[in-house]
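Q: pasting a predicted model and its sequence here:
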Amino acid sequence: LLIDSPRPYAVSLFIQSLILFLLVYGYLHWKGMTPAERTGTALLLALGTGTLIPVHSFDFLIYAPLVLLTGFLLSARISAESRESGDGARAWDHLSRYVSGLIRGMQSPSGFLSDGPASSLLLLGVMVPVLSPLVYLPFLAGLENQRMQGFIFSPAASDPVPFLLVHGLFLGILLFVLWRDIVKRPSLLLLPVLVALFGFLAAAITLIPVLYLIARKFSRIEEIFAVSGLLCILFCEFFVMIQNGTPDHPNTTYKFYFVSWVLLGVSTLVMSGRLLGSVPALAEGSRSSLVSLVLIATALFFPAILLSSGPLWPPTLDGSAYTGSYVSQDERAALDYLSTLPPGDMIVEGIITTGYDENDAGKYFSRVSSLTGIPAVIGSYSREEVFRGGEAVRERGTDVMRIYTRPEESASIMKKYGATLLYLGSPELSLYGIRDPGIFGRYGFTRVFHMNQTAIWRAPISPQP
């Protein structure tokens, strides 16, 4: 994802990292911050959480509740710390005091910005979820949702073996961290056992650390992240999104697993660090050196290991190198030529609309604009349909087809979109049944590149009469 296919849920990693940093910073330092710092932290969280909406909207559905949960738990922690030590009051009395403190804080303007429990709940738990959608309100007002129709309850038990291959590292670390809790309170295993008896073994395994982390009452911020990541996984076991009127379980897991890996990756790494810090045989300096070496080695070897397992050898960080296995030599040369052109062009390339297999040439349509950075009249049809709406994309798709099949109209249609270059490769020749590739020269087009079956034509400044 990070090297070959920068999809929205990979790009949003940068925003997720900012949100998690702000949550950790606020959770650890809330009482020591000034009112301006607390307000600024909340406003930055609102901006970051809101930015997830146009980048990858599904992430917003996870992070907005996460910020709310963190604000509530921070509020409860501050309230608990303010009680007298050794207070033997019952849980109901603690709750009553907490609610009373919140009411008093909300009634006072100073309570909104104080370091008491009301400020964290109001700023993080209320203000951020409310303000974050308003950040991109114009975007939301103009959004035309073409595919997503919500979620339905649709239990689908995952096969435990591939499930553990995906999530097993995180679950193993969590269970190792919690094993003393499990031994002390085995009664909490009753619910996971019941879930397993109903056939949801993967969900039952995931539920074990969820219950024991909740039983810890979220004394640490990483425990909040871990539970949130595990709940993302559990959600996919019982709910599925509806796209184009059809339940889409694979896409549900794509969206929610990726965020779960981020949350579980951060939380389990911190927990592993705490475990390492408790090893008496390792001095503090040795622990730092060991962790540094592991992180540096991982960063250096990850690209090489990943790429060497695929079709590329020797390994390379050239994101376009894979095209050598899928496109012809003349098309590779055409892409190299286009990459040398100065900015300002717009290209027309062939499109596949429906019925293509993910492993055939149709997958690489919109390849020219993707690999050169030159904008195209239309890119990936299905994704453009999501962003622009079906009617606008159908018009563009029809116009692209007319450009290739009615050369006498090509110049005028390209002028409509400001397009300057017409790409003609073997996929276009096959898709549109073009028997005479040189016909565009009769209508004022200038051929600026030609090799075997691949040609690039520059459109005339104005259409021919």
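A: That came through fine.
Q: please count neighbours and contacts with C-alpha atoms only from this point.
A: Fine.
Q: what segments of the stretch 151-300 of the chain are strands?
A: 239-243, 246-248 (DSSP state E, counting those that start in this stretch).
Q: for the last one, which positions count as buried?
A: Applying a neighbour-count criterion of 16 or more other Cα atoms under 10 Å, the buried positions in strand 246-248 are P247.
Q: ok, T70 to A226 distance?
A: Relative to A226, T70 is positioned 12 Å away (Cα to Cα, to the nearest Å).
Q: who's more crowded, these two?
A: When T70 and A226 are compared for neighbours, A226 comes out ahead with 26 against 23, by other Cα atoms under 10 Å.
Q: just to revisit the earlier point, now the strands of the stretch 151-300 of the chain as CSV including mean pLDDT and distance to R220?
A: Putting the strands of the stretch 151-300 of the chain into CSV (pLDDT from 0 to 100; distance: least, Cα to Cα, whole Å) gives the following:
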stretch, mean pLDDT, distance to R220
strand 239-243, 86, 29
strand 246-248, 81, 35
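Q: of all these, which one is nearest A376?
A: strand 239-243 (26.5 Å; Cα to Cα).
Q: report all helices and strands that the closest one contacts.
A: Contacts defined by 3 or more Cα pairs under 8 Å, 6 or more residues apart in numbering; DSSP states H and E place strand 239-243 against strand 148-153, strand 246-248, helix 249-277.
Q: outside of the helix or strand that E331 is a member of, which residues touch it?
A: Under the criterion of DSSP states H and E, E331 resides in helix 329-339. Applying Cα atoms under 8 Å, 6 or more residues apart in numbering, the external contacts of helix 329-339 come out as 323-324, 368, 371-373, 425, 449-456.
Q: what's the first helix or strand after it?
A: Heading C-terminal from helix 329-339 (DSSP H and E), you reach strand 347-348.
Q: mind checking the pLDDT average for that next one?
A: Across strand 347-348, the average pLDDT comes to 94.
Q: before we move on, what about stretch 55-69?
A: On average, stretch 55-69 scores 91.
Q: give me the residues contacting that stretch.
A: 8-9, 11-12, 23, 49-50, 52-53, 121, 124-126, 128-129, 228, 232, 255-256, 259.
Q: residue contacts, P343?
A: I374.
Q: same deal with the one 5 residues further on?
A: V348 sits next to 376-378, 400, 414, 419-423 when contact means Cα under 8 Å, 6+ apart.
Q: can you rerun that using 6 Å?
A: 376-377, 422-423 (Cα atoms under 6 Å, 6 or more residues apart in numbering).
Q: once you drop chain neighbours, what's closest to it?
A: Leaving aside its sequence neighbours, V348 sits nearest to L422 (Cα to Cα, 6 or more residues apart in numbering; 4.9 Å).
Q: go on, L431?
A: L431's closest residue in space is G350 (Cα to Cα, 6+ apart), at 7.8 Å.
Q: next, work out how far apart that neighbour and V130 are.
A: 43 Å.
Q: who has more neighbours, the two?
A: Shown here are G350 and V130; by other Cα under 10 Å, G350 has more neighbours (28 against 15).
Q: just checking, that one touches E428?
A: Yes: look at G350 against E428 with Cα atoms under 6 Å: they come within range, at 5.4 Å.
Q: which parts of the stretch 51-200 of the chain are helices?
A: 57-81, 91-107, 109-113, 117-120, 128-135, 137-142, 160-177, 179-184, 190-197 (DSSP state H, counting those that start in this stretch).
Q: and the ones you listed, which is most packed in?
A: helix 117-120 (a mean of 29; mean count of other Cα atoms under 10 Å).
Q: show me what it is packed up against.
A: Helix 117-120 sits against helix 57-81, with contacts defined as 3 or more Cα pairs under 6 Å, 6 or more residues apart in numbering; DSSP states H and E.
Q: rerun that using 8 Å as the cut-off
A: Under the contact rule (3+ Cα pairs under 8 Å, 6+ apart), helix 117-120 is packed against helix 57-81, helix 91-107, helix 109-113.
Q: of the contacts of V348, which pair is most distant in space?
A: V377 and Y423 (11.6 Å).
Q: quick check: neighbours shared by the two?
A: Going by Cα under 8 Å, 6+ apart, residues that sit against V377 and also against Y423 are 347-349.
Q: quick one on the thing from earlier: any chance of the helices of the stretch 51-200 of the chain in a markdown table, with distance to T206 too?
A: Below are these laid out as a markdown table (distance: least, Cα to Cα, whole Å):
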| stretch | distance to T206 |
| --- | --- |
| helix 57-81 | 18 |
| helix 91-107 | 28 |
| helix 109-113 | 38 |
| helix 117-120 | 30 |
| helix 128-135 | 27 |
| helix 137-142 | 35 |
| helix 160-177 | 7 |
| helix 179-184 | 14 |
| helix 190-197 | 8 |
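Q: just to revisit the earlier point, just the contacts of helix 329-339: which are in helices?
A: When DSSP state H is applied, these are split such that 368, 371-372 fall in helices.
Q: what about those, which one has the most neighbours?
A: Of the ones in helices among the contacts of helix 329-339, with other Cα under 10 Å as the count, V368 tops at 24 neighbours.
Q: from I351, how far out is it?
A: 11 Å.
Q: try Y27
A: 50 Å.
Q: more neighbours: which of those two?
A: A count of neighbours by other Cα under 10 Å puts I351 above the other of Y27 and I351, at 23 against 20.
Q: close enough to count as contact, that one and D399?
A: No: assessed by Cα atoms under 8 Å, I351 is found out of contact with D399, at 10.9 Å.
Q: tell me which residues touch F139, please.
A: P54.
Q: from here on, call the first residue 502.
A: Noted, 502 is the first residue going forward, which turns the last one into F640.
Q: between the contacts of helix 830-840, which is nearest T542?
A: G874 (36.2 Å).
Q: count the residues that sit near that closest one.
A: By other Cα under 10 Å, neighbour count at G874 equals 13.
Q: give me the pLDDT for D900.
A: At D900, pLDDT is 91.
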